[in-house]
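[1] Build the 3D model from these lines:
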Amino acid sequence: MAASTVILDEKINLNARLSFISRRSVELSQAAKKQGSEKPKKRFVYSKIREYLAGRIFIALVGPRGAGKSVLLKQIHHSSTDSFYISLDSSTEFKLFEIAREFSEQGGRLLLLDEIHFYPNYGSELKKIYDFVPNLKVVFTSSSAISLFDASYDLSRRVRLVRVPPLSFREFLWFSRAQELQPISWKNLLDTPACREYYGLTMHAEIYFENYLNGRNYLFSLEEPQPIPIFQNTLNAILTKDLLYSSRLSLEETQDVRRMLEFVGRSQVDGISYSSISANVGITKYKAQKYVDVMEKCFVLKRVVAKGTNVTKEPKILFTPPYRLIYREYDECIGALREDFFADAMSDYPDFSYLKGGAGEKTPDYLVSDVVCEIGGRNKGRSQFKGYHAKKKIIFTQPGTLDEMRRPLFFAGMLE
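    Sure thing, here's the model as predicted:
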């Protein structure tokens, strides 16, 4: 790479000759900083990232394509005076360790790396940077958790993972309607008087919930009249690009994954298991489990562990919203889509599982710690819990209803 005299920032030596950083890279970094200034609204996770930046540990922003990770990185870049931004999804010319070393020597303190999973052996480079460039902090993004989990180098002591999920319903209201609503805690969600008070403050927002479920849970899709074709393109990019880079699946295997996703998308939720995928897609049960694992790490599928007595341990397999809508119309899959939403909203709750009974036995849908939850429309009632004992029983409904047992489903998207 040709040497060039560049101006990185006011704090950095104006005559610095950084042999590992091209003029084009500097121009792109400056453009990224400007783009960060053009996005004043920030994801709720932004404050957490700024808090973590006070420490020495590196930060990994992990989430699906289109969730806003690159925007977050550019916003951090804009708010910093000694940072440098590099996008790694379109070039292999970079030598990360050398860039980091020289950048630090010239006064740089924050290196921002976008789509790091496209950089070969990035784990070893990050380890070297952490160990031998002590004054430098690194924030990087990845749209695939595969490489993070499968990296050959142990980054656990050096990297803090920060999940950047799709927009919660509360964030959707903030970005699309400029409505800044307070969150509700899980404790208050279980308390009927507290819920009545909260519903009085938020019930006007429920009219936008169906629009949100129809694929407006990403920043790029907020203003799109037909967002689902864009998600189809995103899924194609995951299958043709991300899987080949990150999971080392063959082209033949990616075709198996396509057929698996179509089977899951067109089937009823309760009929999906590794065994049913194996039988209907024509692959082994081992490969069914492998492919589900890969697509969960690409944030397309989600597994919920089973809980119950005398049950098999196969998980419940859901889509992350709104990918199910690629395969079925909204009105055809609203029940499954509600479950997709609820499971995604409960992702940060470690005691979240689904209830599974024996053959033919009907059980409620989910368990959150010691609270039994059923998901559905207004017609669902106490009969859903017949013969089932629990500390608390909640039915999450859409359209929303609120009484001693029922809660509006959109509340799950308002949790703090």
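[2] now the helices for the stretch 151-300 of the chain?
    Along the stretch 151-300 of the chain, the stretches classed as helices by DSSP state H, counting those that start in this stretch are 169-177, 186-190, 192-202, 209-213, 228-237, 251-266, 274-281, 285-297.
[3] Show me the domain layout of this structure.
    23-163, 169-225+298-414 (automatic domain parsing).
[4] Need the distance between the two termini of the last one.
    So that's domain 169-225+298-414. End-to-end distance for domain 169-225+298-414, by Cα to Cα, to the nearest Å: 6 Å.
[5] residues contacting the residue nearest to Ile277 when sequence neighbours are not counted?
    With sequence-adjacent residues excluded and distances taken as Cβ to Cβ, 6 or more residues apart in numbering, Ile277 is closest to Ala288, at 4.1 Å. Yep, even glycine has a C-beta here, placed from its N, CA and C like the rest. Listed by Cβ atoms under 8 Å, 6 or more residues apart in numbering, the contact set of Ala288 reads Met260, Tyr274, Ser275, Ile277, Ser278, Val281.
[6] could you redo the last one with a cut-off of 7 Å?
    Met260, Tyr274, Ile277, Ser278 (Cβ atoms under 7 Å, 6 or more residues apart in numbering).
[7] Dump those residues to TSV, plus neighbour count, pLDDT and distance to Glu339.
    Below are the contacts of Ala288 laid out as TSV (neighbours: other Cβ atoms under 10 Å; pLDDT from 0 to 100; distance: Cβ to Cβ, whole Å):
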residue	neighbour count	pLDDT	distance to Glu339
Met260	23	98	19
Tyr274	21	95	19
Ile277	25	97	18
Ser278	17	97	22
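[8] ok, back up a step: in TSV: the helices of the stretch 151-300 of the chain, plus distance to Pro40.
    TSV is the format used below for the helices of the stretch 151-300 of the chain (distance: least, Cβ to Cβ, whole Å):
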stretch	distance to Pro40
helix 169-177	11
helix 186-190	30
helix 192-202	24
helix 209-213	22
helix 228-237	24
helix 251-266	37
helix 274-281	45
helix 285-297	32
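[9] Cross-check the contact I'm expecting between Ser37 and His78.
    Yes: checked against Cβ atoms under 7 Å, the pair Ser37 and His78 is within contact range at 4.7 Å.
[10] higher neighbour count, the two?
    His78 (18 against 12; other Cβ atoms under 10 Å).
[11] Name the nearest residue to that one, ignoring sequence neighbours.
    Gly36 (3.2 Å).
[12] that older thread, please identify which pair of the contacts of Ala288 lies farthest apart.
    Met260 and Tyr274 (10.4 Å; Cβ to Cβ).
[13] Relative to Gly63, how far out is the closest residue in space to Arg65 that isn't next to it in sequence?
    Spatially, and ignoring its direct neighbours in sequence, Arg65 is nearest to Ser143 (4.6 Å; Cβ to Cβ, 6+ apart). Shown here: Ser143 relative to Gly63, a distance of 7 Å by Cβ to Cβ, to the nearest Å.
[14] pretty sure Ala336 is touching Val269, no?
    Yes: between Ala336 and Val269 there is a contact at 4.7 Å, judged by Cβ under 7 Å.
[15] got the contact list for Trp186?
    Trp186 makes contact with Leu415, according to Cβ under 7 Å, 6+ apart.
[16] pLDDT value on it, please?
    Looking at Trp186, its pLDDT is 95.
[17] Next, the contact list for Leu301, please.
    Applying Cβ under 7 Å, 6+ apart to Leu301 gives the contacts Val292, Met295, Ile317, Leu318, Phe319, Thr320.
[18] let me redo that: Pro408
    Tyr199, Glu206, Thr397, Gly400, Thr401, Leu402.
[19] Next step: these restricted to strands.
    Within those, residues falling in strands by DSSP state E are Thr397.
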